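# next come a sequence and a model predicted from it.
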There are 2 protein chains.
Amino acid sequence: MLHRLTIQGRTVDELRQLAAERRTMAGSKEGHLRTLLLNEASLLEFYAELRAWMECTPAPSVRRGAQMAPTLPAQPIATNLSPLLTTFARRMVLSVSDQQALLSIAQARNFAKGELIVEEGSESAPLLLLCSGAARATRTLEDGSQQIVSIFLPGDPLNPGDFVLGRCGNSISTFSPALVLSIPGAELYPLLQQRPTIMRALWRETAWKAAIQREWLIWLGRKPAEARLAHLLCEIACRSLAGGRDSEDFEFPLTQRELGDILGLSTVHVNRVLQQLRNRKLVDLSRGRLTIFDREGLYEAAEFDSEYLDPAEARARS
Amino acid sequence: MLHRLTIQGRTVDELRQLAAERRTMAGSKEGHLRTLLLNEASLLEFYAELRAWMECTPAPSVRRGAQMAPTLPAQPIATNLSPLLTTFARRMVLSVSDQQALLSIAQARNFAKGELIVEEGSESAPLLLLCSGAARATRTLEDGSQQIVSIFLPGDPLNPGDFVLGRCGNSISTFSPALVLSIPGAELYPLLQQRPTIMRALWRETAWKAAIQREWLIWLGRKPAEARLAHLLCEIACRSLAGGRDSEDFEFPLTQRELGDILGLSTVHVNRVLQQLRNRKLVDLSRGRLTIFDREGLYEAAEFDSEYLDPAEARARS
DNA sequence: CGGCCGTTTGAGCCACATCAACCGGGGTGG
DNA sequence: CCACCCCGGTTGATGTGGCTCAAACGGCCG
């Protein structure tokens, strides 16, 4: 709220200036205050990037997206904004003006690693878009065990389905520090009426995530542990690739415990299966990095077919 | 196509007349021809019911639905049409005119038991609505094993998600003889533009089904066989109830093999678990009927909470 | 009446869970 | 700067839920 007010009248350069000030101030501080300042700085930088993008009405960036460039080349556009824009253009097939309409009513917020974003059972959260970091949707059972039912990468909407149902069926929390845009229902509803393409885009995202959940159902129901793990790694690699990251070696913030909570396996068993994959020279996963040595082999082990992740056909008839 | 043409100019009574003729003709025939005639008769009867409903513009029925009557009372409305209308009113929150707009471009078709409705991997099917019978969405793996990823009861849309993605991620086939409405994309697209409430309704249905799949993920990942089976039975009982059927004792067309394909269990084990539930006097399942003796106990065993199935809160802010 | 499909029952086995201990690194407090 | 601790990863031993294979049973349909 404070940020919204502070930001309203500022130019891009002023915002950057303010952010820089906070960063230098943070240099001389310690602990809690320091993180607070850094947090504010990062938000200000994000708003600066956002405003810069808004002002330059970057038709080229969007047109390039529409032409299906596999990765957006390095741009003045912020790394925090870029995955979201990629999703807007590629998966959601939104026009520039739709994108601007959405972003103009969005508020940014930082979340720490492991922080709760949405509480299970709460009513009607705003629509949330993940800009950077990674997140998960979880359900905790009576016996304390957890099941992760969905994971989110930069650019993914966190809760299109919950948004339209007006009820949150699961908690959402971060794997790593994350920047999240939130779009309040009160402002979004009228927009959905005016611009059916946005509504359709959110519908499509809901369906896309349901398609992913369907794959999860399949390996949970029918595949042995190694194939499950391999399939999950394939999925994440593909989605990361679409989000613009290197496909063979990238950050991977999940612990083995969390992998187990996704795959329906115990931590111990995840470890052993991971070693099998390592020994078969397919992947390596250590210290928060995933490296894929043999993509073909991994796909094979997972019986993975990336088609369900690719909205290419859908875009064809835009 | 033939039906569409035949039907165009007819009155309700003429349609009923034609249906009756076919039924009497069928009485004197045998085998294939007979089933063909009965099929045609049932379609004609459906169209008659549909037209009757259209003509009487049944505002009362809808208002009653909007007031959350738990079950639509017996009405002149056909049993084939009624579950769909219930869904329209309760879950999808569609106005009468929206309902009429949808139904006026719908074509009916009968499917036999076990027949394939949509082939996995095919592109852009029409939107399909299940009027009567039960259906499943399946994925078949390389080793021949199957996983059922979704089941459909009367009134459920079969493929809202696939429709918006323009790609069918799984096959859909019937459990029992079924009447299905199909709404071609070419006619539906303009309607979605004109009437955003219909688009939102389909989006909502997509989200609703995703919420169910999420529950499936949870028991597949974390719950033992007995709880899985119990949970599935609870879900079906609740959904049947919402569809207007008796809650404690109703038709249940799934074989134990099919239950296994849903629950990720072998047929043998489904059988044993089913016997456990029987011995604990919770349910009985035999000869295609499910009887619930102890609803409380069953919910307990399943750790079942019906909230995720109920669109009540969603409707509150219509 | 015979075949077929769905169900039932038993025996043996394996993938994965559980329990328990140890290791290694990075952050924290003294 | 060191000692500690806590968390994530690793390893081994042991138990078990659910699978597979195999065979028999019962009802339904041709």
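Noted; the coordinates are in hand. Because the structure is predicted, anything quoted here is derived from the model rather than measured.

# so where's chain A shaky on pLDDT?
Scanning chain A for pLDDT under 70 picks out A:1-6, A:27-32, A:57-78, A:311-318.

# please enumerate the helices of it.
Secondary structure of chain A (DSSP state H): helices at A:2-7, A:12-27, A:31-56, A:59-66, A:82-90, A:96-104, A:160-165, A:185-194, A:196-222, A:225-242, A:256-263, A:267-279, A:295-302, A:312-316.

# using TSV, lay out those together with mean neighbour count and distance to B:Pro160.
All C-beta atoms are positioned from the backbone trio N, CA, C, and that covers glycine. Shown next, in TSV, are these (neighbours: other Cβ atoms under 10 Å in any protein chain shown; distance: least, Cβ to Cβ, whole Å):
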stretch	mean neighbour count	distance to B:Pro160
helix A:2-7	13	36
helix A:12-27	16	42
helix A:31-56	18	33
helix A:59-66	15	26
helix A:82-90	24	21
helix A:96-104	17	22
helix A:160-165	24	12
helix A:185-194	14	17
helix A:196-222	23	7
helix A:225-242	21	23
helix A:256-263	20	26
helix A:267-279	15	35
helix A:295-302	17	28
helix A:312-316	14	14
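
# burial count for the residue of the stretch 51-200 of chain A found nearest DNA strand D?
Residue of the stretch 51-200 of chain A nearest DNA strand D, by Cβ to the nearest atom of the strand: A:Gly114 (8.3 Å). The local packing of A:Gly114 (other Cβ atoms under 10 Å in any protein chain shown) involves 10 other residues.

# my read: it touches A:Ser171, true?
No - counting by Cβ atoms under 8 Å, A:Gly114 does not reach A:Ser171; the two are 11.8 Å apart.

# surely A:Ala211 meets A:Tyr308?
Yes - the criterion here is Cβ under 8 Å, and A:Ala211 meets it with A:Tyr308 at 5.1 Å.

# now for those two: what residues contact both?
Residues within reach of A:Ala211 and of A:Tyr308 at once, by Cβ atoms under 8 Å, 6 or more residues apart in numbering or on different chains, are B:Gly169.

# sorry, back to before: could I get the helices of chain A as JSON lines with distance to DNA strand C?
Below are the helices of chain A laid out as JSON lines (distance: least, Cβ to the nearest atom of the strand, whole Å):
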{"stretch": "helix A:2-7", "distance to DNA strand C": "26"}
{"stretch": "helix A:12-27", "distance to DNA strand C": "16"}
{"stretch": "helix A:31-56", "distance to DNA strand C": "9"}
{"stretch": "helix A:59-66", "distance to DNA strand C": "36"}
{"stretch": "helix A:82-90", "distance to DNA strand C": "25"}
{"stretch": "helix A:96-104", "distance to DNA strand C": "34"}
{"stretch": "helix A:160-165", "distance to DNA strand C": "28"}
{"stretch": "helix A:185-194", "distance to DNA strand C": "37"}
{"stretch": "helix A:196-222", "distance to DNA strand C": "10"}
{"stretch": "helix A:225-242", "distance to DNA strand C": "4"}
{"stretch": "helix A:256-263", "distance to DNA strand C": "7"}
{"stretch": "helix A:267-279", "distance to DNA strand C": "3"}
{"stretch": "helix A:295-302", "distance to DNA strand C": "13"}
{"stretch": "helix A:312-316", "distance to DNA strand C": "33"}
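
# quick one: which of those helices is nearest B:Leu274?
Across the helices of chain A, B:Leu274 has its closest neighbour in helix A:196-222 (18.0 Å, Cβ to Cβ).

# what's the spacing between the nearest residue to A:Gly297 once chain neighbours are set aside and chain B?
Distance criterion Cβ to Cβ, 6 or more residues apart in numbering or on different chains; nearest residue to A:Gly297, sequence neighbours excluded, is A:Leu282 at 5.0 Å. Computed as Cβ to the nearest Cβ, to the nearest Å, the A:Leu282 to chain B distance reads 19 Å.

# do the same with A:Arg280
19 Å.

# show me what contacts the nearest residue to that residue once chain neighbours are set aside?
Spatial nearest neighbour of A:Arg280, excluding adjacent residues (Cβ to Cβ, 6+ apart): A:Gly297 at 7.1 Å. Counting by Cβ under 8 Å, 6+ apart, A:Gly297 touches A:Arg280, A:Lys281, A:Leu282.

# give me phi/psi at the second one?
By that I understand A:Lys281. Main-chain dihedrals, A:Lys281, degrees, to the nearest 10: phi 60, psi 30.

# who's in contact with it?
Shown in contact with A:Lys281 (Cβ under 8 Å, 6+ apart): A:Phe293, A:Asp294, A:Gly297.

# span of stretch A:168-181 from start to end?
17 Å (Cα to Cα, to the nearest Å).

# whether that stretch contacts DNA strand C - can you check?
No - in terms of Cβ under 7 Å from any atom of the strand, no part of stretch A:168-181 sits within range of DNA strand C; the closest distance is 13.1 Å.

# how far does that stretch sit from the chain's center?
Mean-position distance between stretch A:168-181 and its chain equals 9 Å (Cα atoms, centre = their mean, to the nearest Å).

# any idea how far A:Leu285 is from DNA strand D?
A:Leu285 sits at a distance of 8 Å from DNA strand D (criterion: Cβ to the nearest atom of the strand, to the nearest Å).
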